[in-house]
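Trainee: missing the sequence, but the structure's below:
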């Protein structure tokens, strides 16, 4: 059966993260229906994700956002993340949060690379989670990072 | 069909933010019914917004507030924001939070300008969200700011 | 119809805030029935307020507390405030939080004055909210403070 | 009718707080049935308290914990407290939180004394709350502390 | 009756914590059925745990994670912990959180040892909690630590 993947994004972000996720899903040849929901900022994402799940019947959602560098932006990201977890608990569906903090990067080039990789990798994670609860188990405890180099497993 | 827009504001704020939102909606020639709810401070906004949605049947709500400059005011803003997200998840309706922190501005003139622009722009965002989930998609990832100059898209 | 006003207070506070609220309500000649609920500290207030609303059928509640000066007290105040907002969202009733932080004042006299004014003014706010959602609208955006001098409106 | 008092404690704490609460209740000659629930740490307390109320039918619960001195311990205490408030709102029953932070005391002797007094006094508070909502009102606003000297009322 | 133990782990962690928990349960000769659920990071754990309880009918869950050293990682851990407590309150089942912060250890060897001990000990705690609410009471107030040396009881 074709699964339905919700993608929520913002006008605040400085990069078209939706396009990256769309490419990742196409690259993997998965026949999924995508539903997009665009909101102003990250604090608007939780309800958009809930509507994608409850009203648009998405099986999983990817929440894309790019918090600013100020203290107040960190606070917003915290509130948004808390909301995204609440939505998951209200719906029993996964929402993969892809947040790239603008001050994670030293320059625009690095910001783009982190954003590209993190968005792409989490889109792949979403596809894996749709396959079942142990689909990612072979990668468990391996220090996998999204948007950064993975750090590997200890004790091997 | 005419939509119903709820607007919650406070006696604590130093600017009549309601009037700005009302102007924005009139400027766009939208025939909406406005419902106003005024409370003392931002921590009273969540339940006011919930009542606007559940008892007054508003389709969307704009929550207007102006947190003070002290640490305790930041804390209040965090509690209010958390509550506003919860209301959205309980009702599946958007609430656009328009908070202007008094210490964002260097002087009264700048405070007024930020407040005017942010209130106006988020009123327009509310109108867009009422049109549907992809109404803002053409603006996604473009670094749009409300109350400040937008910063533009990277990678174009 | 006579409304029922719940008042929750604590043994931790250093001032009998209940008495001030009672006076404010009497001063305004409102025939309301008061229900009092006394708990040890501010973290006990949320459930007391919920019981005032659900079991004692109060129409609105005033929550009185006086957080101490330590970091842990600030944390308690945050937890209590978050709980008070949750109760409002569970019941669709207003709870006016009247918290006076002991370190807001430079001395006992100032602490008493802030406590007196804030308690009194929020009791009046409760009476206004009982009259309807636009009862406070004429005061919106006027920089009203409780316990401190109001700061006035900008842009007039 | 005999009331049922739930007591939740942890293996993490360094003092047998349960024994102190038990003594306080016996000292007051109250015929209550005690139900004990022991968990590893303070973050396990919220669900234990909920089970004491819902599955063991306790009328009130006392939650005993001793957060460590590190920043992460403060964080845990905050999460536990938030959860304890949520349980109260889900059940309409009081949970008296008795947390003694290990760094509140300068030495082991002081830690023991604070723990003894706070546990004992809150057990008494629990008995009072079982008697009714105004049972503590004569002590309201008197600056009562548990585990420390009370600070008294201002303005008398 | 055979109990069912859920184990949620992440690809972010640098150690295969699942294997340690599995060994602890086998060492204790308990005939339990284990259900594993692997997610990308700790913020994905709450919904995985909820699904283990509600969809896979687990009696108890162990949530395994390894937060990174940055401030943002601390924030994520806080959000995850808050979510894990919420799941427990929604299901009345225990979730034992086993989080090892990467900066708890001075080197890889110590990180491995802490992780091994904490995972192993909390697996044993899970087995105890399955036996009943007073199964851990003989260890209450004894300053038990997981992953570190226990600190013992005061006042004996």
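Mentor: Looks like it arrived, so ask away. Because the structure is predicted, anything quoted here is derived from the model rather than measured.

Trainee: make it CA atoms for all contacts and neighbour counts henceforth
Mentor: Noted.

Trainee: who touches stretch A:53-62?
Mentor: A:3-8, A:35, A:49, A:52, A:91, A:93-98, A:122-123, A:126, A:130 (Cα atoms under 8 Å, 6 or more residues apart in numbering or on different chains).

Trainee: quick one, helices of chain A?
Mentor: Applying DSSP state H to chain A gives helices spanning A:17-27, A:45-54, A:71-91, A:108-131.

Trainee: stretch A:77-86 close to chain B?
Mentor: Yes: applying Cα under 8 Å from any Cα of the partner chain, one finds stretch A:77-86 touching chain B at A:79-80, A:83.

Trainee: quick one: mean pLDDT for that stretch?
Mentor: Summarised as a single mean, pLDDT over stretch A:77-86 is 98.

Trainee: same check on stretch A:43-51?
Mentor: Stretch A:43-51 comes out at a mean pLDDT of 98.

Trainee: quick one: is it near chain E?
Mentor: No: Stretch A:43-51 is not in contact with chain E by Cα under 8 Å from any Cα; minimum separation 14.0 Å.

Trainee: now chain A against chain C: closest residue?
Mentor: Among the residues of chain A, residue A:79 lies closest to chain C, at 12.8 Å counting by Cα to the nearest Cα.

Trainee: wouldn't that residue be in contact with residue B:84 here?
Mentor: No: here residue A:79 lies out of contact with residue B:84, judged by Cα atoms under 8 Å, at a distance of 10.0 Å.

Trainee: who has more neighbours out of those two?
Mentor: A count of neighbours by other Cα atoms under 10 Å in any protein chain shown puts residue B:84 above the other of residue A:79 and residue B:84, at 27 against 21.

Trainee: what's the closest non-adjacent residue to that one?
Mentor: Residue nearest to residue B:84 in three dimensions, not counting chain neighbours: residue B:46, with 5.0 Å by Cα to Cα, 6 or more residues apart in numbering or on different chains.

Trainee: number of nearby residues for that neighbour?
Mentor: By other Cα under 10 Å, the residues close to residue B:46 number 29.

Trainee: cool, residue A:80 as well?
Mentor: There are 24 residues near residue A:80, going by other Cα under 10 Å.

Trainee: which non-adjacent residue is nearest it?
Mentor: Among residues not flanking residue A:80 along the chain, residue A:43 sits closest, at 4.8 Å (Cα to Cα, 6+ apart).

Trainee: the one you found touches residue B:86, doesn't it?
Mentor: No: checked against Cα under 8 Å, the pair residue A:43 and residue B:86 is beyond contact range at 10.9 Å.

Trainee: ok, the two, which is more surrounded?
Mentor: Legend: neighbour count by other Cα under 10 Å for residue A:43 and residue B:86, higher for residue A:43 (28 against 23).

Trainee: list the contacts for the residue nearest to residue B:84?
Mentor: Contacts of residue B:46 (Cα under 8 Å, 6+ apart): B:80, B:83-84, B:87, C:85, C:89.

Trainee: I'd like the distance between it and chain E.
Mentor: According to Cα to the nearest Cα, to the nearest Å, residue B:46 and chain E sit 21 Å apart.

Trainee: do residue A:103 as well
Mentor: Here residue A:103 is placed at a distance of 11 Å from chain E (Cα to the nearest Cα).

Trainee: could you check the pLDDT of that residue?
Mentor: 94.

Trainee: near chain E, which residues of chain A show up?
Mentor: Residues of chain A found near chain E (Cα under 8 Å from any Cα) are A:78, A:81-82, A:85-86, A:88-89, A:92-96, A:125, A:129, A:133-137, A:139-145, A:151-155.

Trainee: now the buried members of these.
Mentor: Buried by 16 or more other Cα atoms under 10 Å in any protein chain shown: A:78, A:81-82, A:85-86, A:88-89, A:92-96, A:125, A:129, A:133-137, A:139-145, A:152-154, out of these.

Trainee: who's in contact with the residue lying closest to residue A:51 once chain neighbours are set aside?
Mentor: Nearest residue to residue A:51, sequence neighbours excluded (Cα to Cα, 6+ apart): residue B:92, at 6.5 Å. Residues near residue B:92 by Cα under 8 Å, 6+ apart: A:47, A:50-51.

Trainee: same check on residue A:127?
Mentor: For residue A:127, the contacting residues are residue A:25, by Cα under 8 Å, 6+ apart.

Trainee: list the contacts for residue A:88?
Mentor: Here residue A:88 is in contact with A:94-95, E:47 (Cα under 8 Å, 6+ apart).

Trainee: at 10 Å instead, please
Mentor: Contact analysis of residue A:88 by Cα atoms under 10 Å, 6 or more residues apart in numbering or on different chains lists A:46, A:49-50, A:53, A:60-61, A:94-96, E:44, E:46-48, E:50, E:83.

Trainee: just to revisit the earlier point, buried only: go through the contacts of stretch A:53-62 for me.
Mentor: Among these, those buried by neighbour count (16+ other Cα under 10 Å) are A:3-8, A:35, A:49, A:52, A:93-98, A:122-123, A:126, A:130.

Trainee: low pLDDT regions in chain A?
Mentor: For chain A, the stretches with pLDDT under 70 are A:1, A:156.

Trainee: and the residue of it nearest chain D?
Mentor: Closest contact between chain A and chain D, by Cα to the nearest Cα, is at residue A:82 (12.8 Å).

Trainee: so that residue sits against residue B:83, correct?
Mentor: No: under the criterion of Cα atoms under 10 Å, residue A:82 makes no contact with residue B:83, lying 11.2 Å away.

Trainee: residues near residue A:105, how many?
Mentor: Counted with other Cα under 10 Å, residue A:105 comes out at 15.

Trainee: what do you get for residue A:113?
Mentor: When neighbours are counted by other Cα under 10 Å, residue A:113 registers 14.

Trainee: the one 3 residues further on too?
Mentor: Residues near residue A:116, counting by other Cα under 10 Å, number 21.

Trainee: for it, which residues are in contact?
Mentor: Contacts for residue A:116 (Cα under 10 Å, 6+ apart) come out as A:15-17, A:19-21, A:24, A:100, A:110, A:146-147.

Trainee: between these, which is nearest residue C:118?
Mentor: Proximity of the contacts of residue A:116 to residue C:118 (Cα to Cα) peaks at residue A:100, which lies at 42.2 Å.

Trainee: hmm, residue A:150 is touching residue A:121, no?
Mentor: No: using Cα under 10 Å, residue A:150 makes no contact with residue A:121, being 11.6 Å away.

Trainee: between those two, which is the more surrounded one?
Mentor: The residue with more neighbours, out of residue A:150 and residue A:121, is residue A:121; 19 against 13, by other Cα under 10 Å.

Trainee: what sits in contact with each of residue A:79 and residue B:84?
Mentor: Counting by Cα under 10 Å, 6+ apart, the residues touching both residue A:79 and residue B:84 are A:43, B:78.
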